[in-house]
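In: Attaching a predicted model along with its sequence, questions to come.
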Amino acid sequence: MTQQNSQQSALKLANVSKSFGPIKVLQGLNLDIRPGERHAVIGPNGAGKSTLFNLISGMFAPTSGDISLAGNSIAGLAPHKINRAGLARSFQITNIFHRLSVFENLRIGVLARHNVRFGLFRSVGRMRRINDETAEILERVGLQARADNLAGDLTYSEQRALEIGMTLSTGADVILLDEPTAGMSREETAKAADLIRKVTEGKTLLMVEHDMSVVFSLCDRVSVLVYGSILATDTPHGISQNRDVQEAYLGQEEA
Ligand SMILES: Nc1ncnc2c1ncn2[C@@H]1O[C@H](COP(=O)(O)OP(=O)(O)OP(=O)(O)O)[C@@H](O)[C@H]1O
């Protein structure tokens, strides 16, 4: 394994542990995500994947250890501060504003990026710039035809695309996606994987994903989380050949 210092990491977790009272959910977890890579975290149910994402995005503070973004510690910061520092997360449970239009949903992130509060457009020029940037994200996630529809009226997979657009709209360099293809048909899954590949170009992606076809087609590296720590990190092919992983996780499916 190559050792990298935190300067070379887009996101780094060093010896991170998290307990809820007596329950140790994560223990001595190390993870080093390189700039520009697409990285999946896989693991059995209850392994701690959601807890891991909650720590990175600031929903919980780690009990011990450090989390850094491009070399700067973010451990224990509030979610909006972590977002400002350059990390955006989409949620496993759809987290969009159903009564706002698709365009308005995307504009929220763009406004936040420019530090503008609702209704306080100070100039026509600024408003135009914000609307132009929103339109660009709308196009990137393929929802132009739905711009004026209420987000609540979109199909499920369109809502997931909107969610991805919302993570992009804040301008973050590091994107966390929590099971972005959960609940999709095979065809929708393939489309979603293509979309994720396209929109994360030049960004760093960390995703929790159960669908191994998505992991294999999309990700540069995979980390396997078992019982609250990382069992292995490798290329998808390396992971599929790893005996420890087969025994702990994949083996169950291949048996
Ligand atoms: N707030 C909490 N208080 C107590 N225990 C918790 C809390 N949050 C999570 N846990 C426990 O931590 C363990 C890991 O949960 P977590 O949701 O992180 O796993 P996961 O890998 O995301 O699982 P799944 O794939 O089923 O979503 C579980 O045993 C869960 O019961």
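Out: Alright, I've got the coordinates.

In: okay, CA-based contacts and neighbour counts for the rest of this
Out: OK.

In: so where's the stretch 151-255 of the chain shaky on pLDDT?
Out: For the stretch 151-255 of the chain, the stretches flagged by pLDDT under 70 are 250-255.

In: So which residues on it come close to the ligand?
Out: Within the stretch 151-255 of the chain, not a single residue sits near the ligand (CA under 6 Å from any ligand atom).

In: at 8 Å what do you get?
Out: Within the stretch 151-255 of the chain, the positions lying close to the ligand (CA under 8 Å from any ligand atom) are 225, 228.

In: now the helices for the stretch 151-255 of the chain?
Out: 156-169, 186-199, 212-218, 236-241, 243-245, 251-254 (DSSP state H, counting those that start in this stretch).

In: helices or strands up against the fourth one?
Out: Contacts of helix 236-241 with other secondary structure elements, assessed using 3 or more CA pairs under 8 Å, 6 or more residues apart in numbering; DSSP states H and E, are made with helix 212-218, strand 221-226.

In: one more time with 10 Å
Out: helix 212-218, strand 221-226, strand 229-234 (3 or more CA pairs under 10 Å, 6 or more residues apart in numbering; DSSP states H and E).

In: ranking the ones you listed by burial, who's on top?
Out: When these are scored by mean count of other CA atoms under 10 Å, the highest mean neighbour count falls to strand 221-226 (a mean of 23).

In: who does that strand pair up with?
Out: strand 38-42 (parallel), strand 229-234 (antiparallel) (DSSP bridges).

In: and it, how far out from the chain's middle?
Out: Relative to its parent chain, strand 221-226 has a centroid offset of 15 Å by CA atoms, centre = their mean, to the nearest Å.

In: hey, C-alpha coordinates of it in CSV?
Out: These are the backbone C-alpha positions of strand 221-226, laid out as CSV (Å, rounded to 0.1, in the frame of the first residue of the first chain):
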residue,chain,number,x,y,z
ARG,A,221,-11.3,1.8,-6.1
VAL,A,222,-13.4,0.1,-3.6
SER,A,223,-13.2,-0.1,0.2
VAL,A,224,-14.9,-2.9,2.1
LEU,A,225,-16.4,-2.0,5.5
VAL,A,226,-17.0,-4.8,7.8
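
In: closest to residue 24 out of the helices and strands packed on helix 236-241?
Out: Among the helices and strands packed on helix 236-241, strand 229-234 comes nearest to residue 24, with 10.7 Å by CA to CA.

In: State the distance from the most centrally placed residue in the chain to the ligand.
Out: Most central in the chain under CA atoms, centre = their mean is residue 176, positioned 1.1 Å from the mean C-alpha point. For residue 176, the distance to the ligand (CA to the nearest ligand atom, to the nearest Å) stands at 14 Å.

In: Quick check: bridge partners of that residue?
Out: residue 89, residue 206.

In: Please point out which parts of stretch 146-155 sit buried.
Out: 146-147, 149-151, 154 (16 or more other CA atoms under 10 Å).
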